[in-house]
Structure formats: structure tokens, C-alpha cells
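Undergrad: Let me see the structure of the following:
(4 chains)
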2 protein chains.
Amino acid sequence: MCKNVLKEWLPAILEHKKNFKVKKGELIFKEGHPVTGIFFVNSGYVKVHKRWDADKELIVRFAKEGAILGHRGMGKPPIYPISATALQNGVVGYIDMDFFEATLKVNSEFTYKLLQFFADELRESERKMRNLAHMSVKGRVAESLIILRDQFGETEEGYINIELSRQDLASFAGATYETVFRVINELVNEKMLILSGKRITIANNEKLIKLTQD
Amino acid sequence: MCKNVLKEWLPAILEHKKNFKVKKGELIFKEGHPVTGIFFVNSGYVKVHKRWDADKELIVRFAKEGAILGHRGMGKPPIYPISATALQNGVVGYIDMDFFEATLKVNSEFTYKLLQFFADELRESERKMRNLAHMSVKGRVAESLIILRDQFGETEEGYINIELSRQDLASFAGATYETVFRVINELVNEKMLILSGKRITIANNEKLIKLTQD
DNA sequence: CGTGGCGTTGACCGGGATCAAGTAGAGTGG
DNA sequence: CCACTCTACTTGATCCCGGTCAACGCCACG
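TA: Alright, predicted model coming up:
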């Protein structure tokens, strides 16, 4: 979903990037703020999220190195519709919107690639919409874990290679953290997951995937 | 959201379109089928929807004349991720994907406009995702009605200019039709809506919008 | 005149949110 | 090194929204 877009597509643009460090928990850009440019993840993991009310949010997706951030700001009102927050210390690149747009208008091959990327994100987004409408919390947690494993891979010991607070997992699955906690326990009892501290392994892929389809 | 994209952006492409009629209820393209081309609505209303299980679906959006259909098929596996069905008798245009892609690669201005359109759809999609996760059915029905009015306008008598089955309204709001029915009654009792047969008026915009924000 | 789709309504109940409270670990300052 | 705070995790009790099931009315249509 979030491939190393820039290196593949347009190495030249890399030279215009300004890099800066971000600390764990640091806000990269905020929902509602005016759009000034577009961001790229050089290293570290980032969550992209949308507020609901003070203490509730939905995590729309996660991003790792190579991913684009803030491209949703290209639309009509030039205001970021979502926020991005670093989950770890890392480095992000920044390109101001004027330069980025100029590049797009000139390089139609790049624009076309970006278009396909957007189409993929739209698919994913609409699939998730449907799941939020019709799938149980258990299925959504199962799916969330599968997505996380596919995106971030596994450690040598087989654990999903990301440490996520229950709160963030809940926000990603679209549920409360108490419910997510209970559901994870169920999944462990049913031998589909194994826990080790904060790490999670998927023990039975087949059974977990079945949950995903109803 | 769905402006008259083609006429505005690239009149030339219109000449390559093949038009054909569709009858009310007719499937234009189906989720899971291979992508062969891209569609445009000439006249009539169309619903874009995603199946859940045999008798459940989510309506992702509605489209009227000028709108693009099937563009989500541009992504990775060349398979439509959603279906489109005509809500009325109408006419849709069709352009095979090869020609469309060739056009995009040449005309970067057009591609750029399309990119912005995709960015807008992504915003909208992610907003709806969040709403499905956190908003009550009542709020979602209210929002759905506001969206429909904004998109399709009102008749001279002030009714929302689209006739939709309760079933479709429910699928759009992401709820069952019984629940939607009850919620609409509540909204009528609370003087926010007026019904006349299948037609609906928004009687108190302010109050309805308030529902939308929690 | 049946038959099937849609609208309408009531009864039921279960998933999941909410509230409340207790525990454990990780930093922080004296 | 210990007390204190703060945050995240854990667990139980409760409640209610909204999904499910069931039944009936209505109207269009073959």
C-alpha cells in the first residue's frame, strides 16, 4: 500500500526535499491547518488519523519509510483533512506544495503513477468503510492485525514488527480499547494469537482470515 | 463532489465515448469483474456500492450526469472493487481503458485535475469512515440527507430531488432499513424533516446539522 | 386474484460502549 | 532509594443502541 514511492518514481524530486527529525508522539501536521506542502517518511512509523471528539479518533492508516503524507491536502479547501503523528523517533521529508504541483504538471508519468496510488488508496478506504459498517469488532481487529503484519512484517521470533498501544489498535479498528482488549483475549483463547508483552503473533492465519469474511 | 468533469476538463475525449442506455435497476459494472474501461454518466442517477453478504451492501456514493464511474478500477489488480447500478433510466458513456490511460499519459493537465478529484474523493471517503466508526445512526441519516440535498438539489416545492427507497437510504447511511425508518420518524417528530410520499424535505437545517457534529 | 416488493410497526436481545475501579510499570523528584 | 504521579493495562458491572425476527398492510403488476 505504501511503497517507496519516491525512489521508484522520481529520484530527482528527492533533491528538493528538506528533511527534519521528529520525536515519538510529535505532530507532523494537523487536521484543519492550512496546507503548505507534502511530506514523505524517511524513517520511523507514522499514524495518520482523524479526530472525532476531543478523546476519540480513527486511525486511517499507518505509514513507514517511503510513504507519502499529506497528499489528501491537494483537494478543494487547502486544509489538511487529517493529522499525522510520529509513532517513533524518525525523519520526514518536506516539499512545499508549489514545487510539488509544478512537478506534477510537467511530469505526467509521475502524475499518472500517483493517480494509480490514489486509486489504490480509494479502494482500501472504501473497503474499510464497508467493514466498519458491517463487520463485527472481532473481525475488524483480526483484519487490523493482518494489515499490520502485511505492512510491517514480522520479527525473527514471528511477532508483528510494530509496538502499538491498545489505544491505537482500538482507534485503527474503530472500537474502544476495553472492547479491543477483550476481543484480543478471546482470540488468544481460541489459539489464533499469541502475546508476549506488547508483541503479538498471529498463530493461526487461516482461522483469523475466516473471521475477516464475516 | 461529482462535477461535470469531462465537459470542463477535456472535451476532446468526449468524441471517443460510446454511449449506451441503461434501464432503472440495471447493473453497469460489477464488483469482482475485470476492468475493461471507464464510464461516465450522461443522464440519470447511479449508485456506486460494495457488497457485504448476499443481502447487505454499503452505498459508497451516488453519481449524476457528468460524473466518472469505475475509476477505482485503475489500481493494482485490474478488477472493479465496487459495483454501479442505475437508479433511473439513463445514458452512460464508455471509454476503454487503453485509450483513457493513453490520454492521461499525454495530457498532464487533465491527469492533474483528475488527481485533485481523487484527493477530494479520498477526503470524503475518510470522513465517512470516521463517521461510520463514531457517529450514531441518527447523525449518519441526517448527514446522508444533507449530502443528498447538496448533491441533487431540491424541487420547486422544496423536496430533495431524488426518490430513494428506504433500503438504499439505509445502505447509504450504513444501517438497517427498519432503524432508518424509525430514525426518520423521530426526525419528523422533532420538526427537522417533512415527508410527502416518498419525498423528503429538510425543514430545519440548523438542527439537522447539529446532529451531524456528534 | 395471487404474488412479490416495499413500507410500517412491535418484541426481543446481544454486542459493544460506558462507567468504575484496581494493578503494574516507568519516569521524576526529594 | 523510596514515595509519588502518570499512563497504560486489566477486569467487572451495567446499560442501551440498533440489529434481527416476525407480522401485517399496501399497492403495482403480471
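Undergrad: Next, the residue nearest to the spatial centre of chain A: phi, psi?
TA: Centroid check for chain A by C-alpha atoms, centre = their mean gives residue A:62 as the closest residue, at 1.6 Å. Main-chain torsions, residue A:62, degrees, to the nearest 10: phi -110, psi 160.
Undergrad: now it: how far from chain B?
TA: 14 Å (C-beta to the nearest C-beta, to the nearest Å). Glycine gets a C-beta too; all of them are placed from N, C-alpha and C.
Undergrad: Check the contact between that residue and residue A:151; I expect there is one.
TA: Yes: contact criterion C-beta atoms under 8 Å: residue A:62 and residue A:151 qualify, at 6.4 Å.
Undergrad: what about stretch A:119-130, near DNA strand C?
TA: No: Stretch A:119-130 does not reach DNA strand C (C-beta under 7 Å from any atom of the strand); its nearest approach is 14.5 Å.
Undergrad: Going by neighbour count, list what's buried in stretch A:133-153.
TA: A:133-135, A:137-149, A:151 (16 or more other C-beta atoms under 10 Å in any protein chain shown).
Undergrad: So which of those are in helices?
TA: A:133-134, A:137-149, A:151 (DSSP state H).
Undergrad: near chain B, from the residues you listed?
TA: A:133, A:134 (C-beta under 8 Å from any C-beta of the partner chain).
Undergrad: Spatially, which two of the ones in helices among the buried residues of stretch A:133-153 are the most separated?
TA: Within those, A:133 and A:149 form the most distant pair, 24.1 Å apart (C-beta to C-beta).
Undergrad: How is chain A partitioned into domains?
TA: A:5-131, A:135-212 (automatic domain parsing).
Undergrad: hey, least reliable of those domains by pLDDT?
TA: Of all the domains of chain A, domain A:5-131 carries the lowest average pLDDT, namely a mean of 88.
Undergrad: Return the distance of the residue of chain A found nearest DNA strand D relative to chain B.
TA: Residue nearest to DNA strand D within chain A: residue A:166 (3.5 Å; C-beta to the nearest atom of the strand). Per C-beta to the nearest C-beta, residue A:166 is found 16 Å from chain B.
Undergrad: quick one, what contacts the closest residue to that residue other than its chain neighbours?
TA: For residue A:166, ignoring the flanking residues on the chain, the nearest one in space by C-beta to C-beta, 6 or more residues apart in numbering or on different chains is residue A:177 at 4.7 Å. By C-beta atoms under 8 Å, 6 or more residues apart in numbering or on different chains, residue A:177 lies in contact with A:166, A:167, A:169, A:170.
Undergrad: before we move on, what SS does the second one have?
TA: Per DSSP: H, G, I helix; E, B strand; the rest coil, the local secondary structure of residue A:167 is helix.
Undergrad: Identify the residues contacting it.
TA: Residue A:167 touches residue A:177, counting by C-beta under 8 Å, 6+ apart.
Undergrad: What of the third one?
TA: Going by C-beta under 8 Å, 6+ apart, residue A:169 touches A:141, A:144, A:177, A:180.
Undergrad: quick one: which two of those are the most distant?
TA: A:144 and A:177 (12.8 Å).
Undergrad: Close to DNA strand D: what parts of chain A are there?
TA: Checking chain A against DNA strand D by C-beta under 7 Å from any atom of the strand, the hits are A:165, A:166, A:167, A:177, A:178, A:181, A:182, A:185, A:198.
Undergrad: okay, the residues you listed in TSV with distance to residue A:156 next?
TA: Formatted as TSV, the residues of chain A next to DNA strand D follow (distance: C-beta to C-beta, whole Å):
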residue	distance to residue A:156
A:165	23
A:166	24
A:167	27
A:177	29
A:178	32
A:181	27
A:182	30
A:185	26
A:198	17
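Undergrad: Which members of those residues additionally contact DNA strand C?
TA: residue A:178.
Undergrad: now the residues of chain A next to DNA strand D: which count as buried?
TA: Buried subset of these (neighbour count, 16+ other C-beta under 10 Å): empty, as none qualifies.
Undergrad: Pick the one among the residues of chain A next to DNA strand D closest to residue B:55.
TA: residue A:182 (29.3 Å).
Undergrad: quick one: that closest one is in a strand?
TA: No: counting by three-state DSSP, residue A:182 falls outside a strand, being helix.
Undergrad: Could you pull out the buried residues of stretch A:88-106?
TA: A:90, A:92, A:93, A:94, A:95, A:100, A:101, A:103, A:104.
Undergrad: And for it, what's in contact with it?
TA: A:10, A:13-14, A:16-24, A:28, A:35-46, A:69, A:73-74, A:78, A:86, A:110-111, A:114, B:108-109, B:112, B:115.
Undergrad: Now stretch A:24-31 - C-alpha only, CSV.
TA: The C-alpha coordinates for stretch A:24-31 follow below in CSV (Å, rounded to 0.1, in the frame of the first residue of the first chain):
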residue,chain,number,x,y,z
LYS,A,24,7.9,9.9,19.2
GLY,A,25,4.5,11.4,19.7
GLU,A,26,5.3,14.5,17.7
LEU,A,27,2.6,16.0,15.5
ILE,A,28,3.8,16.3,11.9
PHE,A,29,0.8,18.2,10.6
LYS,A,30,-2.7,18.8,12.0
GLU,A,31,-6.2,18.4,10.7
